[in-house]
Each structure stands twice: as structure tokens, then as C-alpha cells.
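1. Turn this into a structure:
(one chain, ligands or ions: 2)
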Amino acid sequence: MSKEIYENPDLKKERQNCPFNKEEITHLLDGGKEKTIERKQLENYILSDEQLKDAVPMEYLSHADKYAEELRKACLLMHKLADSPAGQVPTLRALMGAGLGSAVLKEGNPLALHYVMFIPALMGQGTIDQQAKWLEKAYNLNMIGTYAQTELGHGTFLRGLETRATYDPKTQEFILESPSLTAYKWWPGSLGKTANYAVVMAQLYTKGKCEGTHPFMVQLRDEETHEPLPGIVNMWLNPVCISSYIHYGTYVKPTNSKLSYATMVFVRVVVCQDVTTNLRKAVTIATRYSCVRRQSELKPGDREPQVMDYQAQQNKLLPPLAATFAFQLAADHLWNLYHTANNNIEQGDLELLPDLHGLSCALKALCSSEAANFVEVCRQSCGGHGYMSCSNFPRIYGQVTAAETYEGENTVLWLQVARYLVKTRKEQSGGLSVKYLIGEEKGPKTVDTTLEGIVKLYRRAAVGLVDVAIAELDKSGRKGEAPHDAWNHAAVYLIKAAQAHARLFVVESFVDSLKEGKLSAPVRTVLSQLCELFIIYWLLERSGDFFLCSNLTKQDLLLLNSKYVELLAAIRPQAVNLVDSFDLRDEVLNSPLGCWDGNVYQRLFDEAAKSPLNQSNVHESFHKYLKPLLKSNL
Ligand SMILES: CCCCC/C=C\C/C=C\C/C=C\C/C=C\C/C=C\CCC(=O)SCCNC(=O)CCNC(=O)[C@H](O)C(C)(C)COP(=O)(O)OP(=O)(O)OC[C@H]1O[C@@H](n2cnc3c(N)ncnc32)[C@H](O)[C@@H]1OP(=O)(O)O
Ligand SMILES: Cc1cc2nc3c(=O)[nH]c(=O)nc-3n(C[C@H](O)[C@H](O)[C@H](O)COP(=O)(O)OP(=O)(O)OC[C@H]3O[C@@H](n4cnc5c(N)ncnc54)[C@H](O)[C@@H]3O)c2cc1C
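-> Ligands and ions are numbered 1, 2, ... in the order given. Here you go, the predicted model:
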């Protein structure tokens, strides 16, 4: 007789009479029905492999054992990659990301940098000959690389990197050296124990002149023994300059000095998708748990309610639920822009590079910071159980907060966006992602609180805040301040303008996607509710920006608040159905709180039982330390 599959009765009830087709949303998020089939096949292919399961929870292993266990699984995954039914690159992308990859490699993928930065650096900056020499070797895993840019003393300010590559015309070699302690490469993933090659960013010196940072291929370790090559600690010999700027000893300037930064642009684009996947996991865990958890008293004398029935809990969880759709659609738009710009750059057309840089900085900073805040709210919404390591919130939070720093610290990226916006606004030059700065809203500044009216408010704020920042810069200039001081003294306004610009892009992506998308009426209804909820939520959170740049009144805000709480109530009944549409398997969620069947308490109990401390009633340390203390009559 088939075993009755347990389903928590509350979750079961939440899933009854779903008014929309969940699979339609799954296909939308995957990029089509075929992609969903491919993803599910891949998940089965990977997650069914017993060798990829952890014998004991990773949190109970030593640092070295964690590394060894993750490396074992990563190497096994690479073998499976070769035989993957979905093909190498889709499998690779799935294995590198926050979804399937982190379901297997919970502490991090020791080979991630090889694929996320080392290979993209070769593809983006290597010459044809260099790619012929190294790409196949890298794809075949006959070499393991990393991307070594950040030093102890510098990570943000690339022009301040100290590692030097001096070209010796006699030997036609580059001598790489770390001239000081602060020049030591620090942070590069896999550099410590895994990689035997690295793309090293160093200041290129030739004929006594510094030509700025350039990428160099450096062998770090012997390919057989894995021993560091002689002198590798602070002196690196025989690197090869990746790129083609040295012709017979003469430096030939690249068409754009920032092309060497292209790898970072690629990863920033990828990070937007990655943090969105992590946010989707956090929202699923918190939403399902909030419908299983019953606590306190809503109506005196009644049964304890599901905590999701508290408006306060809906206010915590429904904006991040909406954000997962908003960020996904914006990340899709950015990915498309990246491909267009990259194809153009390969043809020598660099026109879109500033737009791509501006937008990738804006979205990476916005999606990572918002996702980090939302993941923390999701954790808090689960009370004490959200704090447990097995809830998976600590790991998810660690991954999204890391993204606020790596690939460009967010504040620094916001200032890059502001630099691009001020320049564009002043030049009134066209620019793909600043179309609205040019096409600003004309006509009366009266507010209408329809969806279109709210988008117009976002547009006014994006344009208005750039103008406020420019006015600050001009005011400082008139006081005789030097441009760099004026820039520094306007930083708060500049960052606000950059963030308003990023929010407008996300809002317009969400609204435009719903207009363009071929959606069934029920799906369009629920996604439109999420869209309206999200853009009102952000407006209420940043109402100061809108007051500054439009005729928004107190009445308008009260009206928007009412609309917001109405939308909370309207979406509440579909919360579980919406997170079910993400189609995240329990192994990917990796959390007793978020499991599909809602059997939370038994799974929490089973997880606790796995602790080494729970393998005996009295731990040996009692006899060593506690018992003597108890007897010591202090
Ligand atoms: C092969 C298959 C792959 C499959 C993989 C698929 C998926 C993977 C899935 C998941 C992966 C998930 C996530 C990613 C995972 C891991 C990431 C791991 C680790 C992170 C690695 C790192 O952190 S690497 C180090 C990153 N470091 C940085 O980002 C440094 C930040 N600093 C800078 O970028 C710069 O210093 C600066 C921009 C802050 C300032 O540079 P500076 O030289 O001072 O330039 P400015 O004077 O400010 O501006 C001059 C000019 O240049 C323009 N510009 C600056 N940067 C760029 C750029 N990147 N691109 C284009 N243009 C740029 C700037 O706009 C100015 O232009 P104008 O003069 O015209 O105004
Ligand atoms: C998990 C993780 C993985 C990483 N992996 C790699 C890797 O594989 N390879 C690699 O090369 N690097 C890697 N890094 C390093 C990462 O890229 C840097 O830490 C990042 O670029 C930030 O630089 P920083 O550490 O110098 O911070 P800093 O720039 O020193 O930041 C300190 C403070 O200074 C502020 N600040 C700096 N410049 C300005 C400015 N111009 N205006 C205003 N404020 C400013 C910042 O906003 C911040 O508040 C990784 C980092 C992390 C956390």
C-alpha cells in the first residue's frame, strides 16, 4: 500500500482552490516550459546521487574537513558535468548559482571562481592565441584558475593596486612582484589551496612608465605536485600579459582603458540573478513556515491563528515576495543588455559600455542590498527557529551580504552610477538606461495614484534627484570648492539619485514585463497585484524622495497606504501558491522550516538529533571541567 504522504493541514488548505496555474509562473521564471523541464531533469540528475549527500551536517565539521568535503563533491560534480543530459553550460550555470549548486555545496564551491571569473576573464580579455592556448585547458579542468585582484591594502581603488608587472624588453618577460605586505593578493577565492593558476591584476610598467592595471596569467603551483612555485609568496616570475597591448616591447593603448574591468561587469550582472535566487529561497521558507506556525491570539477565545494572518507578518513577507519577481525581471533585462553590449564590444563598438557599467553597478548594488535586508526580515519573521543554523537563513544571509561587498562595494558602485548620471544629464546625451532622464515627464505635477501615475512619480524622483545633486555640485563650485571636494560633499545626494535611478529601472521592468508578457488572466491578476504592492511599498519607504521631487501630498500618502494594506489582504490567500510556483525542491531550500509538506516540528527535532553533542547524555567535558567546578565550593 502506498505510504500516505504527510502534508500539514494548514498548508494543504492554503493550496486548495488556487485561482491561477502555478506551472505558468514556474515557466515564466525559468524562461519557458522547455527550460523548466531541463532544470527539473538536471535537479533529478544531481540530487539523486547519493555520493553528493552530506554524511553529517557541514556545520559539525572542522574548517579543513569542510574544505575537503566540498572539494570532493565539487570534483564529483565536474565529472557529472561532462555527462550532464542538459549540456555543459546550462549545467555549469546551475551548479555555480545559489540554487542547485548551493544545495550540494553548502559551504561554497571551491571551483566557483574558475568558472565565474577566471574563464570569463580569458574569454573577455585574452587574445585569440591565448584563448587557443588556455581556454580548452580551463574548460577541460586541466588547470584550475582564480581571479586575483584585491590586495590586503586595496580592493576598491584599482588604480591603487600595488602589485607590479615590469616588462623586461631584453628577455621579453614580465616580472611580477608584491612590493609590500599590503600588496599581497587577499580574498581571491580558491587562491589558498585550490587554484594552480590565476589571472592577476597588476600595474603594468614598461620603459619606466606605469600604464595602469592589466590582467596577467600566472602559474601559482606545480601541476603535478601542487606545490607553490619558487618565490610565489612574494615574487612571481614568468607571467603572461592577458590581452594584446604589448607589441614588440611597445605598449599599445587599448581602445578603452576600462575594458580590463569587463570581467567585473559580467559578474555584477550574474550577481543580480544570484541574490534573487537566494531571496526566493528565504521567502519560500518564511512563507510556508508562517502558514504552519500558529501563535498567540487574534480573536479572543479563538484558536491560535496562523502567524501569516497578522497584517504585520504580511507586511514583512509580501514585499520581499513581490521583490523576487521585480528583481528577476530586471535581471533578465540587464542580462539581455549585457549580451547586446558584449556582442557590440567584440565588434569594436563600445557605445553601450558606459550604459552597461552604469546599469550593472546600479542593479548589483540595489538587488544585493535589498535582498540582504529582505532575507533578514524573513529570518526574523520565523522567530527563534529562524535563528537556527539548520533553518538555512544564516547561510543565505551570509551569501547575500557578501554580494553587497564583493564585485565592487555597493557605496562605491552607487557613486559610479551617480558619476554616469550627472555626466549624462549634463550632456543630455542619449543612453539606453537613462532614457527617462532625457524623456522626463512634462506637464502638471499633479499626482494620480494609478499604476501609471505611480511610475511617473518614480520617473520624476529619478530625474529630480539627479538635478538636486547637480545643484549641490554647482553650489559648491560657486563657493570655489575644487571638483573632487564638491563631489565628496554631495555624496549623500549623489547616492540618493543613483538609488532612485536603479529603483525606476526595476519598477519599469516589472510594469513593462506585465504589459508585454503573454499571461493568462489569473496570472496577470496576481502578478499585477504584486507589482502594485511592490511599487507602493518602495514609494512609502522612500516618500522623502518623492516629496522632494513632486507634488505628492499627505492625502496621497494616506490613500497609498490604504491601497497598500488592501493589497496585503488581497495577496495573502495566494502566498503559499506563489512560493510553490518557484518550484524550489526541499533539498535546494535545505530548511526544516520551509519543507513542502510543512512537517516542521518533526524535521527540527530530527535535525537537532544529528548534533554530535546529542549522541550521548553526558559530554566528556563534564568530567574534565564542570564536575571539578561543582566540587570546588568557590
Ligand atoms: C564560463 C561560464 C560561466 C558560468 C557562470 C555562470 C553563472 C555563475 C553563477 C553564479 C555566481 C554567483 C555570484 C558570483 C560569485 C562569485 C563572485 C566571487 C567573488 C567576487 C570576486 C571579486 O570581488 S573580484 C574584485 C572585484 N573588485 C571590484 O569590483 C573593484 C571595484 N572598483 C572598481 O570597479 C573601480 O576601482 C572603480 C569603478 C571604483 C573606480 O575605478 P577608477 O579607475 O578609479 O575609475 P573612475 O576614475 O571612477 O572612472 C573612470 C571612468 O571609467 C569608467 N569605469 C569604471 N569602471 C568601469 C567598468 N567596470 N566598466 C566600464 N567603465 C568603467 C567610469 O564610468 C569612468 O568613466 P567616465 O570617465 O566616462 O566618467
Ligand atoms: C566573499 C568575498 C569574496 C571575494 N572574492 C574575491 C575574489 O575572488 N577576487 C578578488 O580580487 N577580490 C575578492 N573579494 C574582495 C572584494 O572584491 C573587495 O573586498 C571589494 O571590492 C571591496 O573592496 P575593499 O575590501 O577594499 O573595501 P574598501 O573600499 O576598503 O571599503 C571600506 C569602506 O570604504 C568606502 N569607500 C571606499 N572607496 C570609497 C570612495 N571612493 N567613496 C566613498 N567611500 C569609499 C567603502 O564604501 C566602505 O564603506 C571578495 C570579497 C568577499 C567579501
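2. Please name every helix or strand in contact with the strand or helix carrying N315.
-> Per DSSP states H and E: N315 is located in helix 311-346. With contacts taken as 3 or more Cβ pairs under 8 Å, 6 or more residues apart in numbering; DSSP states H and E, helix 311-346 sits against helix 262-292, helix 353-380, helix 491-516, helix 521-541, helix 554-571, helix 575-580. Quick note: C-beta positions are derived from backbone N, CA and C, even for glycine.
3. would you turn the ones you listed into a markdown table with distance to ligand 2?
-> Formatted as a markdown table, the helices and strands packed on helix 311-346 follow (distance: least, Cβ to the nearest ligand atom, whole Å):
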| stretch | distance to ligand 2 |
| --- | --- |
| helix 262-292 | 8 |
| helix 353-380 | 11 |
| helix 491-516 | 7 |
| helix 521-541 | 22 |
| helix 554-571 | 32 |
| helix 575-580 | 27 |
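4. Now render the ones you listed as TSV, adding mean neighbour count and mean pLDDT.
-> What follows is the helices and strands packed on helix 311-346, written out as TSV (neighbours: other Cβ atoms under 10 Å; pLDDT from 0 to 100):
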stretch	mean neighbour count	mean pLDDT
helix 262-292	26	94
helix 353-380	25	96
helix 491-516	21	96
helix 521-541	19	98
helix 554-571	15	96
helix 575-580	23	98
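5. So is the helix holding N315 next to ligand 1?
-> No. Helix 311-346 lies out of reach of ligand 1 by Cβ under 6 Å from any ligand atom, never closer than 10.0 Å.
6. Which residues in that helix does the neighbour count mark as buried?
-> 313-314, 316-334, 337-338, 341-342, 345 (16 or more other Cβ atoms under 10 Å).
7. V507 touches K456, doesn't it?
-> No. V507 lies out of contact with K456 (Cβ atoms under 8 Å); the separation is 10.6 Å.
8. Give the residues shared as contacts by these two.
-> The contact sets of V507 and K456 do not overlap (Cβ atoms under 8 Å, 6 or more residues apart in numbering).
9. Let me see the residues that make contact with stretch 549-557.
-> 445-447, 449, 457, 460-461, 463-465, 468, 540, 543, 546.
10. Among those, which pair sits farthest apart?
-> Of all pairs drawn from the contacts of stretch 549-557, the greatest distance, 23.6 Å, lies between T449 and V468 (Cβ to Cβ).
11. for ligand 1, what are the nearby residues on the stretch 301-450 of the chain?
-> Of all the residues in the stretch 301-450 of the chain, those lying near ligand 1 are L353, P354, H357, Y406, E407, G408, V412, Q416, R419, Y420, K423, going by Cβ under 6 Å from any ligand atom.
12. Report the separation between the spatially closest residue to the fifth one that is not a sequence neighbour and A112.
-> Among residues not flanking E407 along the chain, V267 sits closest, at 4.9 Å (Cβ to Cβ, 6 or more residues apart in numbering). Taking Cβ to Cβ, to the nearest Å as the criterion, V267 is separated from A112 by 11 Å.
13. Okay, now the unreliable bits of the stretch 201-350 of the chain?
-> 233-240, 243-257, 260 (pLDDT under 70).
14. Just the closest residue of it to ligand 2, please.
-> Ranked by Cβ to the nearest ligand atom, the top residue of the stretch 201-350 of the chain for proximity to ligand 2 is M201, at 7.3 Å.
15. can you pull the pLDDT of the closest residue to that residue other than its chain neighbours?
-> With sequence-adjacent residues excluded and distances taken as Cβ to Cβ, 6+ apart, M201 is closest to Q149, at 4.0 Å. In this model, Q149 is scored at 96, pLDDT.
16. wait, Q149 sits on L158?
-> Yes. Using Cβ under 8 Å, Q149 is in contact with L158, at 7.3 Å.
17. out of those two, which sits in the busier spot?
-> Ranked by neighbour count (other Cβ atoms under 10 Å), Q149 and L158 place Q149 first, with 25 against 18.
18. ok, that one to N577 distance?
-> Q149 is 44 Å from N577, by Cβ to Cβ.
19. Show me the strands in the stretch 1-150 of the chain, by range?
-> Secondary structure of the stretch 1-150 of the chain by DSSP state E, counting those that start in this stretch: the strands cover 145-148.
20. Flag every residue of it that's near ligand 1.
-> In this structure, the stretch 1-150 of the chain approaches ligand 1 at residues 92-93, 96-97, 112, 115-117, 119-120, 147, 149-150, judged by Cβ under 6 Å from any ligand atom.
21. Just send those back as a markdown table, with distance to D168 too.
-> Formatted as a markdown table, those follow (distance: Cβ to Cβ, whole Å):
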| residue | distance to D168 |
| --- | --- |
| L92 | 38 |
| R93 | 41 |
| M96 | 38 |
| G97 | 42 |
| A112 | 35 |
| Y115 | 33 |
| V116 | 33 |
| M117 | 28 |
| I119 | 29 |
| P120 | 29 |
| Y147 | 25 |
| Q149 | 23 |
| T150 | 26 |
